[in-house]
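Participant: Here is my input; please provide its structure:
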Amino acid sequence: MKDQDRTRFNALLSWSAHHGGTLHPSLEIYHDKLTKFSLRVNPSLPQPLTPPFTAVTCPAVTTLSYLNALIDGPLMVHQPLSLSKSSRTATFPPSFMQTTPPHVIGRFFLIHEYLKGEDSFWYPYICTLPQPESISSWQLPAFWAGEDVDMLEGTNAGAAVGEILENVRAEYKNARRVLREEDPGWKERIKDYGRVLYHWAFCVFTSRSFRPSLVLADDLTKKMLGDGGVEVDDFSVLMPVFDVANHCLTARYAWEKKVDGHGTTCCGLVCGDGYAPGEQVFNNYGMKTNAELLLGYGFVLGETDGVHNDYVHVRKRAAAGDGEEEGEKKKKKTDFLISLRPLGHPSSLVGRARPVPEGMGKGMKKVVMAGRFGHCEPGLVVDLARAVATVEELELLEKDSDEGGEDEVPAGLEELVQRLRDALSAKLAYDYQRLKEAEPEEVEDGQLSPNQALALVYRKQCEKVLVAALESLED
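Facilitator: Numbering: from 1, shown residues only. Below you'll find the model as predicted:
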């Protein structure tokens, strides 16, 4: 680690410790060529670090989120958090606080604290974040240069980039309009809150934040939010030091919310794996596919014999005339997974973690198991079967019959299974063709930018997923 980086992180650790944060005495922050700033066991430790152990604790007072904008400062331990909204002093004007989504307010608050420089309570933390002027250090795919984004065309990530950009532009435009038009004092100040800073704040929160319900004490969030209509997970929270630990899909962990001996609410990263001296210590961000990791964190996980993370997302189309509220739709799963390896394979961790569809009759279960849909998420097969089956076939699907073996398609459902296989094959063949049509021209080694090289790795794995699934359906 460079001396200037060591100085910055030492200042962060001192600041965190002053407010009740801890780092396990056998751990240290270091710079890894691949994962950048990370946690590891001190190489000089004479023996491995055995589980369970608390790697780091982050006190609520050092967290940064929408909650801090409500009171224009840190969540102090003995602060009267239950003050009515009318008696609180928020960071931004009332019109902005009342009409702007909480997650957008959180990003503006981060910009606000960045602009304060050394006067910010969070200055030691902000100094260790990727800095706004070093754009390549924090850019997620949504903000890549056009020629880099082009490498994602035809993939799930490529489709999502446009949606993300559209949302970010609308959020930023509306937030600036409220501050500029509804509060005269902000007409000049808003110029400091530029587009690049908002993109930076978006990427910082997207790649480093956590859900409040998982890391903040329930009584704290209830007191802060009250009955104002904001739900606890309508925003996310930054966790200094806690966010240094990188993601490992197989890492065993727990996020333990507790109150320490000084009455400080905090969250600890409890590791369930042992680590040898010099080994990196990991957190686990949850069961996210490579498409989700690429969009949200800027990396993908490589394929190994023991685990893979390569999936193609197939979006479920909303039924015509669906009367659900928009918010209810968003809470429901809207896509299904196509996997590089069968969903039942031990290495398909993310796919295996997907919930099994409820209410399946034995006929449906046999169709899923015996229809050779192994690379397709069962929910996709069930959803499609219920949509295209005849009345007679639906009755057979829900029938609780034990006729035939587990690997046999029930009598009367053979034609349905073939229709399902044909429909899925047609969909995946279309996706494969779209991917190949957008395939970039071959370039010599060394001529790709880091973003392009990453995108190329991702799209090649997407192609492997589609080929594997198509071959299994055609057997």
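Participant: From here on, just use CA atoms for contacts and neighbour counts.
Facilitator: Will do.
Participant: Phe204 and Trp138 touch, don't they?
Facilitator: In this structure residue 204 is Val, not Phe. Yes: using C-alpha atoms under 8 Å, Val204 is in contact with Trp138, at 7.2 Å.
Participant: Now do the SS call for the closest residue to Tyr123 other than its chain neighbours.
Facilitator: In this structure, Tyr123 finds its nearest non-sequential neighbour in Gly117, 6.4 Å apart by C-alpha to C-alpha, 6 or more residues apart in numbering. Of the three states, Gly117 takes helix under DSSP: H, G, I helix; E, B strand; the rest coil.
Participant: What is the burial count for Gly117?
Facilitator: By other C-alpha atoms under 10 Å, 14 other residues sit near Gly117.
Participant: Tell me the spacing between it and Glu166.
Facilitator: 30 Å (C-alpha to C-alpha, to the nearest Å).
Participant: Check Asp407 too.
Facilitator: From Asp407 across to Glu166, the span is 47 Å (C-alpha to C-alpha).
Participant: same question, His308
Facilitator: For His308, the distance to Glu166 - C-alpha to C-alpha - is 31 Å.
Participant: out of those two, which sits in the more crowded spot?
Facilitator: In this view His308 and Glu166 are compared by other C-alpha under 10 Å, and His308 has more residues nearby, 22 against 12.
Participant: quick one: contacts for the more buried one?
Facilitator: With contacts defined as C-alpha atoms under 8 Å, 6 or more residues apart in numbering, the neighbours of His308 are Leu301, Gly302, Leu340, Ser347, Ser348, Leu349.
Participant: and with 7 Å instead?
Facilitator: Gly302, Ser347, Ser348 (C-alpha atoms under 7 Å, 6 or more residues apart in numbering).
Participant: now do Pro124
Facilitator: Counting by C-alpha under 7 Å, 6+ apart, Pro124 has contacts Ala11, Leu12, Trp15.
Participant: Relative to Ala69, how far out is the residue nearest to Tyr123?
Facilitator: 17 Å.
Participant: can you check Gly361 too?
Facilitator: Taking C-alpha to C-alpha as the measure, Gly361 falls 51 Å from Ala69.
Participant: Between these two, which has more neighbouring residues?
Facilitator: Counted by other C-alpha under 10 Å, Gly361 and Ala69 do not tie: Ala69 has more neighbours, with 23 against 16.
Participant: ok, and for stretch 136-147, which residues are buried?
Facilitator: Trp138, Gln139, Leu140, Pro141, Ala142, Phe143, Trp144 (16 or more other C-alpha atoms under 10 Å).
Participant: Beyond the lowest-mean-pLDDT helix or strand in the chain, next helix or strand please.
Facilitator: Using mean pLDDT, DSSP states H and E, helix 326-331 stands out as the lowest-scoring helix or strand of the chain, at a mean of 42. Counting by DSSP states H and E, the next helix or strand C-terminal to helix 326-331 is strand 335-339.
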